[in-house]
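1. sequence unknown, structure follows:
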């Protein structure tokens, strides 16, 4: 049940819960405590840079949402409120769109081309610019509340739970963790065109290496424990809750099992 779904979908889900409670509410075995995990909707949001559009697919590869006319979108993510946050590279803007494609928030005239943008838990937005070698944090009022220069063509940056920021440096061929003052507290070298990096729940780091055509998982002491090769300039990699990895490269996107088998 998703609160921001359309009326008919919410009513169908609510009816199913009412029926379940009526039939099993008195006898169901409760599983407590409730686990803390994300709900996977089976949707994949794809920024198509050369086609000036963002498309969302369901698990059957059916197009369920599309926004055209975006000036070279380099990154897009679904937000918890049901909206989509899109980063326009050459347009130098970040825009938030609702389910109908209407604009609800925008930052224009960024000081550099927008490589990626991510909404933070505090409501601010983390914006990365590769050509400006900068990472900015904007408030909902569009004010810069934090910024750091990170030399090496940063393509992506993720705010960590400890308050530091993980940055993938493409020309720097490394991933760095910087503290709020911009000091490097951890460096992962030899990442060969690092285009994206994400810290996993097991404290390992998942890195998309655009130059070597592979995605690697590396431990905190910098040992590679998982690799998926044979890719065409991988741009992003995301570890899913089911243990598989979603990878995007120039040929499309795929879901890969830990053993390397492509399942979708």
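-> Arrived safely, thanks for sending. It should be emphasised that the depicted structure is a prediction, and the values quoted were computed from it without experimental measurement.
2. Centre-most residue in the chain?
-> Centre of the chain computed as the mean C-alpha position; nearest residue by Cα atoms, centre = their mean is residue 77, 5.6 Å away.
3. In contact with it, which residues?
-> For residue 77, the set of contacting residues under the criterion of Cβ atoms under 8 Å, 6 or more residues apart in numbering consists of 45, 84, 85, 117, 118, 119. Bear in mind the C-beta positions are built from the backbone N, C-alpha and C, glycine included.
4. Ok, residue 178 next?
-> By Cβ under 8 Å, 6+ apart, residue 178 lies in contact with 148, 150, 164, 165, 167, 184, 185.
5. residues in contact with the last one?
-> Contacts here follow Cβ under 8 Å, 6+ apart; on that basis residue 185 touches 164, 177, 178, 179.
6. Name the nearest of these relative to residue 195.
-> Closest approach to residue 195 among these (Cβ to Cβ): residue 177, at 16.8 Å.
7. Once you drop chain neighbours, what's closest to the closest one?
-> Closest residue in space to residue 177, ignoring its immediate chain neighbours: residue 186 at 4.0 Å, by Cβ to Cβ, 6 or more residues apart in numbering.
8. Next, count neighbours for that neighbour.
-> Each residue near residue 186 was counted by other Cβ atoms under 10 Å, and the total is 14.
9. and if you look at the one 5 residues further on?
-> Using other Cβ under 10 Å, the number of residues around residue 191 comes to 26.
10. Check residue 210 too.
-> One way to gauge burial is a neighbour count; for residue 210, by other Cβ under 10 Å, it gives 22.
11. Could you do residue 234 as well?
-> Applying the criterion other Cβ under 10 Å, we find 26 residues in the vicinity of residue 234.
12. got it, and residue 189?
-> Taking other Cβ under 10 Å as the criterion, the count of residues near residue 189 is 12.
13. Surely it and residue 176 touch.
-> No - with contact defined as Cβ atoms under 8 Å, residue 189 and residue 176 do not form a contacting pair (9.5 Å).
14. Now render the contacts of residue 77 as CSV, adding distance to residue 197 and secondary structure.
-> Rendered in CSV, the data for the contacts of residue 77 read as follows (distance: Cβ to Cβ, whole Å; DSSP: H, G, I helix; E, B strand; the rest coil):
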residue, distance to residue 197, secondary structure
45, 19, strand
84, 22, strand
85, 19, strand
117, 16, strand
118, 13, strand
119, 18, strand
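15. Out of those, give me the one that has the most neighbours.
-> The most neighbours of any of the contacts of residue 77, using other Cβ under 10 Å, belong to residue 117, which has 27 neighbours.
16. my read: that residue touches residue 94, true?
-> Yes - Residue 117 lies in contact with residue 94 (Cβ under 8 Å); the separation is 4.5 Å.
17. shared neighbours, the two?
-> When contacts are counted by Cβ under 8 Å, 6+ apart, the set common to residue 117 and residue 94 consists of 85, 86, 87, 125, 127.
18. Among these, which one is most surrounded by other residues?
-> The most crowded member of these, judged by other Cβ under 10 Å, is residue 87 (30 neighbours).
19. Make sure that residue is indeed in a strand.
-> Yes - inclusion of residue 87 in a strand is indicated when DSSP: H, G, I helix; E, B strand; the rest coil is applied.
20. Would you agree it is in contact with residue 70?
-> No - no contact is recorded between residue 87 and residue 70 when judged using Cβ under 8 Å, the distance being 9.2 Å.
21. For these two, list the residues in contact with both.
-> Any residue near both residue 87 and residue 70 by Cβ under 8 Å, 6+ apart counts here, and that gives residue 47.
22. tell me the contacts of residue 262?
-> 254, 255, 256.
23. 10 Å instead, please
-> Shown here is residue 262, whose contacts under the criterion Cβ atoms under 10 Å, 6 or more residues apart in numbering are 228, 244, 247, 254, 255, 256.
24. quick one: which of those residues is nearest to residue 198?
-> Comparing these against residue 198 with Cβ to Cβ picks out residue 247 as the nearest, at 11.9 Å.
25. So, low pLDDT: which residues of the protein?
-> Filtered on pLDDT under 70, the chain yields the residue ranges 1, 36-39.
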